[in-house]
Structure formats: structure tokens, C-alpha cells
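K.L.:
any chance you can model this:
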Amino acid sequence: MIQKEKVPALLKSFNRDGFIAFPKFLSGDVLAELVKNLERFVHEIVPRLEDQQVFYEDRQVPSSLKQIQHMDAHDSWFHHFFHKGPFRDLAAVLLQGPVVPKNMQFFNKPPGIGQATPPHQDGFYFMLTPCEAVTMWLALEKVDEENGCVRYVKGSHKLGMRTHTRTQTLGFSQGISDYPNLTDLENEVAFPATAGDLLVHDALTIHRADGNHSNRRTRKALGFIYYSERAREDIQDRDAYQRKLTEEMRAAGKI
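P.N.:
Have a look, this model is predicted:
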């Protein structure tokens, strides 16, 4: 739990930059238990998931697992971890009010074939009014510039939603069409991380990651998405977009 006396400084930093880092947010036995349960989930549950919930770089190669959606909906351990753990408490501090847990995800960039994550703003996918939400990214192993660390554009959350267009990156169907401009380049910050480090960003913060250029290292992480209770979701547009995207990915043999 965040100590009350530290909250003003955290909010000042988060509101100024659009992101904040918490080194060693998880460690020791807690981190080890998380990794153990992730391995169990991948072995026991992933083979039963529908194709819209799990993505591979190559569907014929299980080791090319790229992304899992809504882990909390398929497993009681991860449901409790997402809904009752310290991540929800932190989200409520940063959003300054009650929050709604929306999605817990697994991300990986397999060695040599893990693609770049295009520059984007999560709020484009969320379709919220007002756009008040945070995404958390928890490193599960060492992540650096070689295997694709997260890169943020400092202060970009203050400039509103940029224009997004379709990409060919599975799991990230939209990217900012005019990235990078001069401001983006001047303010981009790379965030190498080690296991247990947590990054948190505003739904309007521009971020991206390079592909995995290592021929042996993975790049595994968990994502947590929380909406403010003040935000209202355009469910009709969101569902229509998701249906269209699923149809296109099936037609292209992506899922």
C-alpha cells in the first residue's frame, strides 16, 4: 500500500509526466508465486481459450505465445490478484477515486520474432468519456533496448488524442499515424526494467516498444487496466470495433 505522505509527490510526478515507475514493486516470494501461477495458467488454461483471447506470432508454434487477454476471467488466482491486490489500490490513488478492473493481460515478445509495438494511446481502444484510466506494465524478467523495453513520450497525455490508423501488428491494431513528430522525439524516454518493476501510464500517454532483437531472450510482462468509476464506456462502438477486428484477423489467418 502506498504511504499517505508519499501520495502528493506521486500524483505530481504522474500528472506532470503521464507515467511513473515503481522499481521492485513485487519481489521475493510474492513475485515467485506470480511466476509459478503464470506457468500453470499457460500450461493448463491457455490451450482451452478461444482464439480471440490468445495470440501467437505463429499459431503453429506454441513457444511463440505473444498475448493473453482477460486472464482474470479464466482463473480464480489471477482474478483475486487483479481485483484485490496492490495494483487496484495504486490505480485508485493515481486516478483519485474508485476504479473498475477491466483487463489483465500477458505480453511476450519471443526471441528474434517478437514484433515492435506501434506508438499508440490506450485510450483510443478504451472509448471512454472522460478518458480516465491507467495501464500498468509489470516486468517478469530483464527488459532492455535489445528485447524491447517500453518507451513513453513525456507529457503527451496533456495534448489530447492523436489520430490513429490501422497497423499490421497482431494485438495492437491501431497506431498513431503521424508519429514521430519533433516533440515526440524530444520527449521520448526509454524504461529498461528488471523482474518485479512496475510502470504505470495514463490512458492518453503515447508509448511504444521496439521488437525483440535478441535470438535467445524472451520479453515477458503482465498488464493491468483500470478505469475510473467516473468514466463511461461507449460499449456499442467498442463491441462493433472488436467484432470487425476479429473477423479481419480470422480472414487473414492471424487467429
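
K.L.:
can you map out the strands along the stretch 151-255 of the chain?
P.N.:
164-169, 172-176, 188-191, 198-202, 207-209, 221-228, 232-233 (DSSP state E, counting those that start in this stretch).

K.L.:
could I get these as JSON lines with mean neighbour count?
P.N.:
Just so you know, the C-beta spots here come from the backbone N, C-alpha and C atoms, and that holds for glycine as well. What follows is these, written out as JSON lines (neighbours: other Cβ atoms under 10 Å):
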{"stretch": "strand 164-169", "mean neighbour count": "14"}
{"stretch": "strand 172-176", "mean neighbour count": "20"}
{"stretch": "strand 188-191", "mean neighbour count": "16"}
{"stretch": "strand 198-202", "mean neighbour count": "24"}
{"stretch": "strand 207-209", "mean neighbour count": "24"}
{"stretch": "strand 221-228", "mean neighbour count": "23"}
{"stretch": "strand 232-233", "mean neighbour count": "14"}
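
K.L.:
with distance to residue 86 and mean pLDDT added, can I get those strands in TSV?
P.N.:
Formatted as TSV, the strands of the stretch 151-255 of the chain follow (distance: least, Cβ to Cβ, whole Å; pLDDT from 0 to 100):
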stretch	distance to residue 86	mean pLDDT
strand 164-169	31	87
strand 172-176	27	85
strand 188-191	20	98
strand 198-202	9	98
strand 207-209	22	97
strand 221-228	10	98
strand 232-233	25	94
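
K.L.:
what's the closest of these to residue 43?
P.N.:
strand 221-228 (16.6 Å; Cβ to Cβ).

K.L.:
contact partners of the closest one?
P.N.:
Residues outside strand 221-228 that contact it (Cβ atoms under 8 Å, 6 or more residues apart in numbering): 34, 38, 82, 87-88, 91-92, 95, 97-108, 122, 126, 128, 130, 132-140, 143, 233.

K.L.:
cool, stretch 66-81 as well?
P.N.:
Looking at stretch 66-81 with Cβ under 8 Å, 6+ apart, the contacting residues turn out to be 34, 37, 41-42, 45-46, 49, 52-57, 82-83, 87, 101, 103-110, 114, 170-171.

K.L.:
and if we set it to 6 Å?
P.N.:
37, 41, 45, 53-57, 82, 103-108, 171 (Cβ atoms under 6 Å, 6 or more residues apart in numbering).

K.L.:
ok, stretch 107-114 next?
P.N.:
57, 64-67, 148, 211-212, 214-221, 223.

K.L.:
hang on, the earlier thing: report the two of the contacts of stretch 66-81 separated the most.
P.N.:
Of all pairs in the contacts of stretch 66-81, the most separated under Cβ to Cβ is 57 and 82 at 25.3 Å.

K.L.:
can you map out the helices along this structure?
P.N.:
Assigned by DSSP state H, the chain shows helices spanning 7-17, 28-40, 76-84, 86-95, 122-126, 182-187, 235-251.

K.L.:
quick one: closest of those helices to residue 153.
P.N.:
helix 182-187 (5.1 Å).

K.L.:
report the mean per-residue pLDDT for the closest one.
P.N.:
The average pLDDT within helix 182-187 is 96.

K.L.:
helices and strands around it, which ones?
P.N.:
Packed against helix 182-187 by the contact rule (3 or more Cβ pairs under 6 Å, 6 or more residues apart in numbering; DSSP states H and E) you find no helix or strand.

K.L.:
redo that, cut-off 8 Å
P.N.:
strand 150-153 (3 or more Cβ pairs under 8 Å, 6 or more residues apart in numbering; DSSP states H and E).

K.L.:
quick one: strands adjacent to the strand it packs on?
P.N.:
Counting by DSSP bridges, the strands paired with strand 150-153 are strand 188-191 (antiparallel), strand 207-209 (antiparallel).

K.L.:
ok, and what's touching it?
P.N.:
Strand 150-153 is contacted from outside by 17-19, 119, 137, 143, 183-184, 187-191, 193, 199, 201, 205-210, using Cβ under 8 Å, 6+ apart.
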